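Trainee: coords please:
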Amino acid sequence: MAVPKEYNVIDGLPGLGPDVLLYVLSEIRLISNAVQFLGVCNKIYQLMNHDRFNKIIETLNYPIEIVIKDPDCIQLINIDGVQKKINQKKSEWHIISLIRMVENGIWSLEAMFQNTEEFGTAIGIVRDSYDIPSKACYTNQPHTDHIAAFCGGCLYPVWYKGQGTKRNDEFKDHQIVKLEFDSYKGTLILFIDNVQQPVYFSGIKEKVRFIISMFNNGSSCTILSLKQLIDPTSKQIANQLIYRELKNAESFDLHFNDVSTNPFYAPSVELKNKKDNNKEVKIKFSELEIILLQQLIPHASVIQTCAHEIIQFSTDHEILSQNAEALWSLLFTPAMNVQLVATEAVELFN
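Mentor: Residues are numbered from 1 along each chain as shown. Below is the predicted model of the structure:
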């Protein structure tokens, strides 16, 4: 018997052209099977140089494997060799983690929740170094320090380190929720039915795993796909906001592209004491007010034009702390005093 010329196939499938082979490749659903197909012979291996190769590979799925800490409560069903359905059989908190650690690229996870009664659902990431115990809740310590979550049926649709924020939509049953993790940029972005949400996480500089969370008996989550993308599908959108950096440091970055149209609420934080008439006065500002001040200070000349809209929004939504009302009222002073107001605000942060 003659020795095969190319790997394990005699003459390397000479009768098939690249278009036919690319079609065969596009019909493969799992990346592991595609790798085996590419290794059949040198001719197929050369498909990696084809213009259409990357687009086809981007449609392929990675195997979905999950960590089940409580098999009496969590049931895993293989739907079609690619998609997996997770059923919850008791009403108690559970965080289900994928086994695959994601790094070095752009990764997406698509899922759909069902029968959740729109309570207790979340999707996000966990540090790969953190072992999530059974019956853990993503909002509770110490788990919340290691998990960044987007939530459905919750007062705050975004949650990390024991704090939440609004502005993202709450996803509901039968909606397709997609996470896009970009390890190059260190970002985690949420899509709901292909609509990119404005609040996202930044500063992710370590290995992570995707997670989902459920509570109610009878709830289920179908993981539709796990893919590695060539290019991100996310883009810069109006009113985009970095919520918190997923890192060990307590500090985090918050940023508004347009302060006049970006409402934000989170628990008040205490600033440095300020001396007023020889008295030590503690001034508390909500994080909304801190952000607005930080954004306005470098642009004192335009404070006058947007102050009314900011204060009106804060008043309507009852998120302007009483301690800060006096400072905000100064924004209505004549333009000549605006710089003084900004200077006074700067002193509060020093």
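Trainee: I'd guessed residue 106 sits against residue 189; true?
Mentor: No - in this structure, residue 106 is not within contact of residue 189 by C-beta atoms under 8 Å, at 10.4 Å. Bear in mind the C-beta positions are built from the backbone N, C-alpha and C, glycine included.
Trainee: more neighbours, the two?
Mentor: residue 189 (25 against 21; other C-beta atoms under 10 Å).
Trainee: which ones are touching residue 129?
Mentor: Residues counted as contacts of residue 129 (C-beta atoms under 8 Å, 6 or more residues apart in numbering) are 206, 207.
Trainee: next one: it from residue 145, what distance?
Mentor: 12 Å (C-beta to C-beta, to the nearest Å).
Trainee: now residue 188
Mentor: 16 Å.
Trainee: ok, these two, which is more surrounded?
Mentor: Neighbours per residue (other C-beta under 10 Å) separate residue 188 from residue 145, with residue 188 holding more: 26 against 13.
Trainee: format the CA atom coordinates belonging to stretch 122-137 as PDB.
Mentor: Output of stretch 122-137 as PDB, limited to C-alpha atoms (Å, rounded to 0.1, in the frame of the first residue of the first chain):
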ATOM      1  CA  ALA A 122     -28.600  36.900  36.600                       C
ATOM      2  CA  ILE A 123     -25.800  36.400  34.100                       C
ATOM      3  CA  GLY A 124     -22.200  37.500  34.300                       C
ATOM      4  CA  ILE A 125     -18.700  36.500  35.100                       C
ATOM      5  CA  VAL A 126     -16.700  35.200  38.100                       C
ATOM      6  CA  ARG A 127     -13.000  35.300  38.700                       C
ATOM      7  CA  ASP A 128     -11.500  32.000  37.600                       C
ATOM      8  CA  SER A 129      -9.600  31.800  40.900                       C
ATOM      9  CA  TYR A 130     -12.900  31.900  42.900                       C
ATOM     10  CA  ASP A 131     -14.700  28.600  43.800                       C
ATOM     11  CA  ILE A 132     -18.400  29.300  44.100                       C
ATOM     12  CA  PRO A 133     -20.000  27.200  46.800                       C
ATOM     13  CA  SER A 134     -23.400  25.600  46.600                       C
ATOM     14  CA  LYS A 135     -26.500  27.700  47.400                       C
ATOM     15  CA  ALA A 136     -24.600  31.000  46.900                       C
ATOM     16  CA  CYS A 137     -26.300  34.300  46.000                       C
END
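Trainee: what average pLDDT does that stretch get?
Mentor: The average pLDDT for stretch 122-137 rounds to 93.
Trainee: list the buried residues in it.
Mentor: Neighbour-count burial for stretch 122-137 flags 122, 123, 124, 125, 126, 127, 128, 132, 136, 137 (criterion: 16 or more other C-beta atoms under 10 Å).
Trainee: mind listing which of the residues you listed are in strands?
Mentor: 122, 123, 124, 125, 126, 127 (DSSP state E).
Trainee: wait, doesn't the fourth one sit right on residue 148?
Mentor: Yes - if you go by C-beta under 8 Å, residue 125 and residue 148 touch, sitting 5.5 Å apart.
Trainee: hang on, the earlier thing: shared neighbours of residue 106 and residue 189, anything?
Mentor: Shared contacts of residue 106 and residue 189, defined by C-beta under 8 Å, 6+ apart, are found at 180, 182.
Trainee: list the buried ones in stretch 210-228?
Mentor: In stretch 210-228, counting by 16+ other C-beta under 10 Å, buried: 210-216, 219-228.
Trainee: actually stretch 105-124, not the one I wrote
Mentor: Buried residues in stretch 105-124 (16+ other C-beta under 10 Å): 106-113, 115-116, 120-124.
Trainee: closest one of the residues you listed to residue 195?
Mentor: residue 110 (13.6 Å; C-beta to C-beta).
Trainee: how close does that closest one get to residue 236?
Mentor: 22 Å.
Trainee: likewise for residue 135?
Mentor: Relative to residue 236, and taking C-beta to C-beta, residue 135 is found at 40 Å.
Trainee: was I right to think residue 187 contacts residue 201?
Mentor: Yes - between residue 187 and residue 201 there is a contact at 6.6 Å, judged by C-beta under 8 Å.
Trainee: higher neighbour count, these two?
Mentor: Set residue 187 next to residue 201 and count neighbours by other C-beta under 10 Å: residue 201 wins out with 24 against 19.
Trainee: which residues touch residue 217?
Mentor: Each residue near residue 217 by C-beta under 8 Å, 6+ apart is listed here: 88, 89, 90, 91.
Trainee: and those residues, which are buried?
Mentor: Buried, going by 16+ other C-beta under 10 Å: residue 88, out of the contacts of residue 217.
Trainee: determine which two of the contacts of residue 217 are furthest apart.
Mentor: 89 and 91 (9.3 Å).
Trainee: quick revisit: between the buried residues of stretch 122-137, which sits nearest residue 59?
Mentor: Once C-beta to C-beta is applied, the member of those that ends up nearest residue 59 is residue 123, at 21.6 Å.
Trainee: any idea how far residue 80 is from the residue lying closest to that closest one once chain neighbours are set aside?
Mentor: Leaving aside its chain neighbours, residue 123 sits nearest to residue 212 (5.1 Å; criterion: C-beta to C-beta, 6 or more residues apart in numbering). For residue 212, the distance to residue 80 (C-beta to C-beta) stands at 19 Å.
Trainee: and for residue 47?
Mentor: For residue 47, the distance to residue 80 - C-beta to C-beta - is 25 Å.
Trainee: same question for residue 208.
Mentor: 27 Å.
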